[in-house]
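Asks: Model the following, please.
(one chain, ligands or ions: 2)
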Amino acid sequence: MWGICSRTLVGMAKSAARPPHLVRPVAAHRLPGRYLSHQGSLPSLPVPPLQQTCQRYLEALEPIMEPEELERSRGLVEGFGRRGGVGERLQRGLEERARSTDNWLSDWWVQVAYLDYRLPVVVHSSPGLVLPRMDFSDVEGQMRFAAKLITGVLDFKTMIDNESLPVEQQGGAPLCMHQYYQLFSSCRLPGLHQDSLLHHRGRGPAPTHITVVMNSQFFQVEVYGPDGAPLTEDQILVQLRGVRGASEEEEVEPVGILTSQHRDRWGGAYLELTRDETNRESVSAIQSSIFTVCLDGPTPAVAAERYRSAAAVQMLHGGGSRLNSGNRWFDKTLQFIVGVDGTCGANYEHAPAEGPPIVALIDHVVEYTRKPDTVQSVTGTAPPAPRRLHFNLTPEIRRSIAEAKEHLDALARDLDVEVVVFPHFGKNVPKRFRMSPDAFVQMSLQLAYYRMYGRCCSTYESASLRRFRLGRTDTVRSSSRASLSFVRAFDDPRKQDTEKLDLMDKAVKAHRSYTDMAVSGQAIDRHLLGLKLQALEEKLGVPELFTDPAFSRALHYQLSTSQVPSKADCVMCFGPVVPDGYGVCYNPMETHINLALSAFNACPDTQAGRLARAVETALLDMRTLLETTARAKL
Ligand code: COA
Ligand code: HC5
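Replies: Ligands and ions are numbered 1, 2, ... in the order given. Model prediction:
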């Protein structure tokens, strides 16, 4: 019943057996047939041609390397790709893997990008989402809103359960819907050296409860009635009031903060924690729950213009151990967070799904919560009261909690987040000038970075591979020969505006064309990763191409970016992926752009606010160039 993604941890995952009281048979939870036939009709992810990747890799190195360094790399790449060379052998291995799996990349990707990654999921991996501020400002309003939100999520879940969720499309192509089926009743499990994923596959009895956490205490809350129908909002509200009352009776150690630790440390503490049967049951109730709702305590008041940045921080890490960071179970795939002052959003563990399915769910919930209240018929028996999930803490676990608090507080102090609502324009301006809005924003980032540092850097933009069965992401490399020519020319007084415009147009087109290549499975990053992993799998040793400093440089993404559109005007955010880099997530709306930028305070060279100002200026300068020059030209 539980799908286990990490092969090596099967034994451990099996031993975390679910106690019988956590589940109740619900007929609707079958593996959906229509979903399966749609999945079957999707194309398989291709393995790009070897020579193409070698060529494109060298092109990608050009803007980020000195010419002399590039020569050495050229030699290595040519050797790797040579007829009869190691590259060809690995390519054949990959092609064979592609023939014998549903997707040659996706299992590897989940393992390498997530389950083997040992830094805390907090900030380093799990994104935060901030919803527009809601209209409540006290605990009663918080309870009412949370009850509505929960019914909205269950409404979305019904569409998954009965397969009425429409298949999404991108440029007319149907997309893989698999990730939607991984969102509920799933959780990451820590290990000593690698993690695993638990997911309720939907056969047989399905979980009918969620976990609610308030004052750092966890409760199991039933959200389906005995007839299998979701409880009404009023019934859920009664449950939440019960949670609130019970959570005020006791003061406990925030066990959940353990999930914010470095994964190896948490893996060790997890073994200690789950030696006790009560703890095992409690942990299992959280892991199997459909999702988690965090009812947060108050946060310090901030000036209106800092509100969104403060909310982003609350969603990313909870604000520190004295605020809400212990009011979380960061391993849980879906955590909805509701504050007392109208702040709400989510934090999600990234391994099972990409941002867009989460945002589609959130958009649905926001729309749902805006609907006028309907009269609800409350039937027969009251649902069971919330069940407190107890934890027995040994001195060792208490020490681990204290250590986790310290680490989380240091991480929280280190994170610098700036949310910007760029009000001047959105997708409308680039579209008017027949340019891809996404490429336009990416080029503004290139220009901003170049202006700050006098060079460009390895830049990552997520591109969806969901046109293919079980597709996840590949990388659009936004620094290119064309982007470098554009940013170099932009502030050069010797250049005419017409030339600058021409270079901007070329840079935008080059980015859009890289994007087309990436979403059709022809980008280089995942292919190179696949070739490297294939070498390890075949025990061939790591080819020199992958130990070349250029390869590390290419993967040192000082700009890690992602476009995540949301109809509900949300702000999405994540941390940098390198100590001296930035994380930039943006949601381009028609007439404005929401951006969340992050950096680490420990790095003296990066400041989220400085990059934010530079991006705003770059966007405006690019529009001015278009408006003053393009009209005559286009
Ligand atoms: N002239 C006029 N309009 C144009 C245009 C042009 N030259 N080029 C594009 N447009 C329009 C498009 O038709 C589209 O219109 P719409 O808003 O009506 O849909 C809009 O501009 C947006 O297109 P564009 O800005 O080019 O980008 P995109 O929507 O194709 O997005 C990616 C590009 C890379 C973000 C997208 O392909 C993708 O992969 N998204 C998923 C990323 C992801 O998974 N992120 C999260 C990872 S966890
Ligand atoms: C709610 C929006 C979250 C966006 C998260 C995202 O973009 O994650 C990227 C996933 C990927 O495979 O590209 C990784 N990144 C945050 C490092 C860009």
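Asks: okay, CA-based contacts and neighbour counts for the rest of this
Replies: OK.
Asks: Quick one: residues contacting residue 95.
Replies: Counting by CA atoms under 8 Å, 6 or more residues apart in numbering, residue 95 touches residue 47.
Asks: Dump the helix or strand hosting it to CSV, keeping only the CA atoms.
Replies: Element membership of residue 95 [criterion: DSSP states H and E] is helix 86-100. Output of helix 86-100 as CSV, limited to C-alpha atoms (Å, rounded to 0.1, in the frame of the first residue of the first chain):
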residue,chain,number,x,y,z
VAL,A,86,33.5,6.5,-23.1
GLY,A,87,30.7,8.9,-24.0
GLU,A,88,29.3,6.6,-26.7
ARG,A,89,29.3,3.7,-24.4
LEU,A,90,27.5,5.6,-21.7
GLN,A,91,25.0,6.9,-24.3
ARG,A,92,24.2,3.4,-25.3
GLY,A,93,23.6,2.5,-21.7
LEU,A,94,21.3,5.4,-21.2
GLU,A,95,19.4,4.5,-24.4
GLU,A,96,19.0,1.0,-23.1
ARG,A,97,17.7,2.4,-19.7
ALA,A,98,15.2,4.6,-21.6
ARG,A,99,13.9,1.5,-23.4
SER,A,100,13.4,-0.5,-20.2
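Asks: quick one: the helix or strand following that helix to chain centroid distance?
Replies: The C-terminal neighbour of helix 86-100 among helices and strands, as given by DSSP H and E, is helix 106-109. Here the centre of helix 106-109 is set off from its chain's centre by 16 Å, with CA atoms, centre = their mean, to the nearest Å.
Asks: export helix 106-109 as CSV, just CAs?
Replies: What follows is helix 106-109, C-alpha atoms only, in CSV (Å, rounded to 0.1, in the frame of the first residue of the first chain):
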residue,chain,number,x,y,z
SER,A,106,12.8,10.5,-13.0
ASP,A,107,13.8,7.9,-10.4
TRP,A,108,17.4,9.0,-10.6
TRP,A,109,16.4,12.7,-10.3
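Asks: Would you mark the buried spots in that helix?
Replies: Neighbour-count burial for helix 106-109 flags 106, 109 (criterion: 16 or more other CA atoms under 10 Å).
Asks: Give me the distance between residue 567 and ligand 2.
Replies: Residue 567 is 13 Å from ligand 2, where distance means CA to the nearest ligand atom, to the nearest Å.
Asks: so the residue nearest to that residue when sequence neighbours are not counted is in which element?
Replies: In space, and not counting its chain neighbours, residue 567 is closest to residue 363: 6.2 Å by CA to CA, 6 or more residues apart in numbering. For residue 363, the element it lies in under DSSP H and E is helix 355-370.
Asks: Check which helices and strands that helix sits against.
Replies: Here helix 355-370 touches helix 139-161, going by 3 or more CA pairs under 8 Å, 6 or more residues apart in numbering; DSSP states H and E.
Asks: and the helix it packs on with helix 355-370, angle?
Replies: Orientation check (axes from the mean of the first three to the mean of the last three CA atoms, to 10 degrees): helix 139-161 against helix 355-370 gives 120 degrees.
Asks: which neighbours does the next helix or strand after helix 139-161 have in its sheet, and in what orientation?
Replies: The helix or strand immediately downstream of helix 139-161 is strand 169-170, counting by DSSP H and E. Using DSSP bridges, strand 169-170 pairs in its sheet with strand 173-174 (antiparallel).
Asks: Now do the strand it pairs with: distance to the chain's middle.
Replies: The answer for strand 173-174 is 22 Å, by CA atoms, centre = their mean.
Asks: cool, and stretch 265-276?
Replies: On the basis of CA atoms, centre = their mean, stretch 265-276 sits 26 Å off its chain's mean C-alpha point.
Asks: With stretch 322-340 instead?
Replies: Put simply, stretch 322-340 sits 16 Å off its chain's centre (CA atoms, centre = their mean).
Asks: List the buried residues of that stretch.
Replies: 323-340.
Asks: How about that stretch and ligand 1, touching?
Replies: No: taking CA under 6 Å from any ligand atom as the criterion, stretch 322-340 and ligand 1 are apart, separated by no less than 13.4 Å.
Asks: Just the mean pLDDT for that stretch, thanks.
Replies: Taken as a whole, stretch 322-340 has a mean pLDDT of 98.
Asks: is stretch 585-600 up against ligand 2 anywhere?
Replies: No: remark: stretch 585-600 sits outside contact range of ligand 2, by CA under 6 Å from any ligand atom, the gap being at least 6.8 Å.
Asks: what about that stretch, how long is it end to end?
Replies: 16 Å (CA to CA, to the nearest Å).
Asks: Next, see if it gets close to ligand 1.
Replies: No: using CA under 6 Å from any ligand atom, we find that stretch 585-600 stays clear of ligand 1, coming within 7.5 Å at best.
Asks: returning to that earlier point: would you mind checking the average pLDDT for the helix holding residue 95?
Replies: 98.
Asks: What residues sit buried inside it?
Replies: Buried residues in helix 86-100 (16+ other CA under 10 Å): 86-91, 93-94, 97-98.
Asks: same question, stretch 69-79
Replies: Of the residues in stretch 69-79, 70, 73-74, 76-79 count as buried by neighbour count, 16+ other CA under 10 Å.
Asks: Not counting it itself, show me its contacts.
Replies: So stretch 69-79 is in contact with 54, 58, 61-62, 85, 544-545, 548, 550, going by CA under 8 Å, 6+ apart.
Asks: Show me the two of the residues you listed that sit farthest apart.
Replies: 62 and 85 (23.9 Å; CA to CA).
Asks: more crowded one of those two?
Replies: Ranked by neighbour count (other CA atoms under 10 Å), residue 62 and residue 85 place residue 62 first, with 16 against 12.
Asks: how much space between residue 371 and residue 187?
Replies: For residue 371 relative to residue 187 (CA to CA), the value is 31 Å.
Asks: out of those two, which sits in the more crowded spot?
Replies: Each of residue 371 and residue 187 has its neighbours counted (other CA under 10 Å); residue 187 has more, 29 against 8.
Asks: Name the SS class of the more buried one, please.
Replies: At residue 187 the chain is in strand, as set by DSSP: H, G, I helix; E, B strand; the rest coil.
Asks: dump the residue contacts of it.
Replies: Here residue 187 is in contact with 197-199, 287-288, 331-333, 349 (CA under 8 Å, 6+ apart).
Asks: Sort out for me which of those are in strands.
Replies: 197-199 (DSSP state E).
Asks: In CSV, list those along with pLDDT, distance to residue 487 and neighbour count.
Replies: Listed next are these as CSV, based on pLDDT from 0 to 100; distance: CA to CA, whole Å; neighbours: other CA atoms under 10 Å:
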residue, pLDDT, distance to residue 487, neighbour count
197, 97, 43, 25
198, 95, 46, 24
199, 92, 46, 23
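Asks: re earlier: of all the buried residues of stretch 69-79, which comes closest to residue 614?
Replies: Set against residue 614, the nearest of the buried residues of stretch 69-79 by CA to CA is residue 70 (29.8 Å).
Asks: Report the inter-axis angle for the host helix or strand of that closest one versus helix 86-100.
Replies: Here residue 70 sits within helix 67-81, counting by DSSP H and E. For helix 67-81 against helix 86-100, the angle by the same axes, to 10 degrees is 60 degrees.
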